[in-house]
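>>> Sequence plus predicted model, see below.
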Amino acid sequence: MSGHSKWATIKRKKAVTDARRGKMFTQIIKEITVAAKLGGGNPDGNPRLRFAIDKAKESNMPADNIKRAIMKGTGELPGTVYEDVMYEAYGAGGVALMVEAVTDNKTRTVSEIRHILERHHGKMASSGAVSFQFHKKGIIAIPTSTISEDDLTSIVLEAGADDMKTEHEVHTIITAPESFEAVKKALDAKGIKSESAEIQMVAENTVKVEGKDAENVIKLMEALEEHDDVQKVHANFDIDDKVLASLVAQ
């Protein structure tokens, strides 16, 4: 598992504060709105919207909030017009970053993202300089306490998963984007609950970072994720497990 995946696992285990939950709701509402705008308000024919609604329900978002976000996306209700943007960047030690955002003002957002990068020893990259290192994958995390590795492996491989790895008390299922929904449905049918399930940009190769570079990379990741417009940050760093755990705990 890459250092970034380990980092995500550690972050999930930390307590979710009220502020973080508020940020999560904002992210999901934006995602629902954009998904409905681009693919229509019927989740049966719009996988992106369906995944966003699932995430909203898992986060205990009220049904009325979900409905309003869909209606704003389809234009049935007035609301802010959002659009997807993707930024490519480098962090300390040459770490490659892909920053997904949803914004109503691209000029403002790119300026603020650039400022965060510069403040944490990073820099913006030109289009295509970083993206070739990443490929879209479905990533589903299941606690090891839920089901044995052997039992889970047989279920997900039969459903079309590419691979599964077990580390840090988590089974991580890896799928092609087009197989993601089928695998998730197979898990749901067995009553197997996931810690997280989403399409991610996964790096082909990782970059080992240590010392001050490792500290700067983690501070950059956290600063980017705190930005209101940022939905996800993908990176190719590899940091020693103990060092990673101590940095995230700070």
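On my side now, so go ahead.

>>> Show me what the longest helix belonging to the chain is in contact with.
Longest helix of the chain, by residue count under DSSP state H: helix 18-39. For helix 18-39, contacts defined as Cβ atoms under 8 Å, 6 or more residues apart in numbering pick out 16, 45-49, 52-53, 55-56, 59, 61, 65-66, 69-75, 79-84, 102, 226, 228, 231. To be clear about C-beta, it is placed using only N, CA and C from the backbone, and glycine gets the same treatment.

>>> Now it: buried residues?
Of all the residues in helix 18-39, those buried under the rule 16 or more other Cβ atoms under 10 Å are 23, 25, 27-37, 39.

>>> same check, this time on stretch 42-59
In stretch 42-59, the ones that count as buried by 16+ other Cβ under 10 Å are Pro43, Asn46, Pro47, Arg48, Leu49, Arg50, Phe51, Ala52, Ile53, Asp54, Lys55, Ala56.

>>> out of those residues, which one sits closest to Ala125?
Arg48 (25.8 Å; Cβ to Cβ).

>>> Now do the phi/psi pair for Leu97.
Note on Leu97: its backbone torsions stand at phi -130, psi 140 [degrees, to the nearest 10].

>>> and if you look at Gly41?
With angles defined as degrees, to the nearest 10, Gly41 sits at phi -90, psi 0.

>>> This structure: helices as residue ranges?
All helices of the chain, identified by DSSP H, fall at 3-13, 18-39, 47-58, 63-74, 106-119, 149-159, 180-189, 211-226, 241-249.

>>> just so I know, which of these lies nearest Ile173?
helix 149-159 (5.0 Å).

>>> what angle separates the closest one from helix 180-189?
130 degrees (axes from the mean of the first three to the mean of the last three Cα atoms, to 10 degrees).

>>> which strands and helices sit next to helix 149-159?
strand 163-167, strand 170-175, helix 180-189 (3 or more Cβ pairs under 8 Å, 6 or more residues apart in numbering; DSSP states H and E).

>>> now do 6 Å
Packed against helix 149-159 by the contact rule (3 or more Cβ pairs under 6 Å, 6 or more residues apart in numbering; DSSP states H and E) you find strand 163-167, helix 180-189.

>>> Can you say which of the ones you listed is packed in most?
helix 180-189 (a mean of 18; mean count of other Cβ atoms under 10 Å).

>>> what angle sits between that helix and helix 47-58?
30 degrees.

>>> which helices and strands does helix 180-189 pack with?
Helix 180-189 sits against helix 149-159, with contacts defined as 3+ Cβ pairs under 6 Å, 6+ apart.

>>> low-scoring stretches of this structure, by residue?
Low-confidence segments of the chain (pLDDT under 70): 1-22, 249-250.

>>> what about the residue of it positioned farthest from its centre, distance to Gly40?
The C-alpha centroid of the chain is most remote from Glu76, which lies 28.5 Å away (Cα atoms, centre = their mean). Separation of Glu76 from Gly40 (Cβ to Cβ, to the nearest Å): 11 Å.

>>> Could you check the helices of the chain and tell me which one is nearest Glu169?
helix 3-13 (8.3 Å).

>>> excluding its backbone neighbours, what's nearest Asp240?
Excluding the flanking residues, the one nearest Asp240 by Cβ to Cβ, 6 or more residues apart in numbering is Glu210, at 7.2 Å.

>>> quick one, phi psi at that neighbour?
According to degrees, to the nearest 10, Glu210 has phi -140, psi 170.

>>> Can you report how many residues lie near Gly75?
For Gly75, the count of nearby residues is 12 (other Cβ atoms under 10 Å).

>>> swap that for Asp241, please
12.

>>> repeat for His171
23.

>>> Quick check: it touching Leu152?
Yes - counting by Cβ atoms under 6 Å, His171 does reach Leu152; the two are 5.4 Å apart.
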